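quick one, structure for this:
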Amino acid sequence: MTTEQVPSSEAAPSPLVAALQREHPEWVREVIIAFGETTIVVPRESIADACSFLKTSPETRFDFLSDICGADRGVEEEPRFEVNYHLFSTTKHHRIRLKVLLNEEDTHVPTVTGIWKTANWHERETFDLFGVIFDGHPDLRRILLPDDWQGHALRKDFPLRGYEPYSLK
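Numbers count the residues shown, from 1 in each chain. Sure, this is the predicted structure:
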C-alpha cells in the first residue's frame, strides 16, 4: 500500500474540512489525506479555537479527544516537532487529526484542557517525553519519568543510554 497525499488544492474538501474552512479559513494551513484519513495542519495560535469549534459545531460534534501525541521529526527537519490531536465523534462516528508544527526554539502550544478534560494527561505525557510546553495547562509536570529525569526521552537527539554514565556491571 502506498501513501497518497493529496494537497488541499487538488482534493475536494471533506465536509469536516469544509466546516472548519467556512468558520475560519486561516485555521486550515494544509490538508493531508493519506490511507483514508484526513489531517488538518492548524497554526499553533488557533488550535484551541479550532478544537472548541469542532467540539461544539452541529456539523462536527467531536466530543471525544482520543489522543494527543508528539513527534520529533529529527534535528535536521524544520519545523522539528509536531503535536497531533486525534478527535472522534461518538454521535456522528467520524474521525479527524489536527496537527500543529513547532520549531525547536519555541515548543509552546496552548492547552486544550478546557475543551476536553482528557487532554490533561495526554498533554503531560507529550511534555514529559518531547518537551512540548502547553501554555495554560493546570498541572504541567512529568507523568511517566521521575521528576529528576534530565531531558525528554523520545527526542531523537536523546542519548540511547541516557545522560548518566553507563556501566555494564
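
grab the nearest non-local neighbour of Arg136.
In this structure residue 136 is Gly, not Arg. Thr111 (4.4 Å; CB to CB, 6 or more residues apart in numbering). For every residue, glycine as well, the C-beta is placed using N, CA and C.

the residue nearest to Thr126 when sequence neighbours are not counted sits in which helix or strand?
Using CB to CB, 6+ apart and skipping residues adjacent in sequence, the residue nearest Thr126 is Gly70, 4.2 Å away. For Gly70, the host element (DSSP states H and E) is strand 64-72.

what mean pLDDT does that strand have?
Per-residue pLDDT values over strand 64-72 give a mean of 98.

looking at this protein, which helix or strand is least sure?
helix 15-23 (a mean of 92; mean pLDDT, DSSP states H and E).

can you point out the buried residues in the very next helix or strand once past that helix?
Counting by DSSP H and E, the element after helix 15-23 in chain order, helix or strand, is strand 30-34. Within strand 30-34, the residues that qualify as buried are 31-33, counting by 16 or more other CB atoms under 10 Å.

hmm, back to that, what helices and strands are in contact with the least confident helix or strand of the chain?
In terms of contacts (3 or more CB pairs under 8 Å, 6 or more residues apart in numbering; DSSP states H and E), helix 15-23 is packed against strand 37-41, helix 47-56.

can we see that at 10 Å?
strand 30-34, strand 37-41, helix 47-56, strand 95-102 (3 or more CB pairs under 10 Å, 6 or more residues apart in numbering; DSSP states H and E).

how far off centre is that helix?
19 Å (CA atoms, centre = their mean, to the nearest Å).

so where's the protein shaky on pLDDT?
Across the chain, residues meeting the criterion (pLDDT under 70) sit at 1-13, 161-169.

switch the cut-off to 50
Along the chain, the parts satisfying pLDDT under 50 run over 1-4, 6, 8-10.

distance to Asp63 added to the helices and strands packed on helix 15-23, as TSV?
Converted to TSV, these look like this (distance: least, CB to CB, whole Å):
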stretch	distance to Asp63
strand 30-34	22
strand 37-41	18
helix 47-56	6
strand 95-102	12
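
thank you kindly, that will do.
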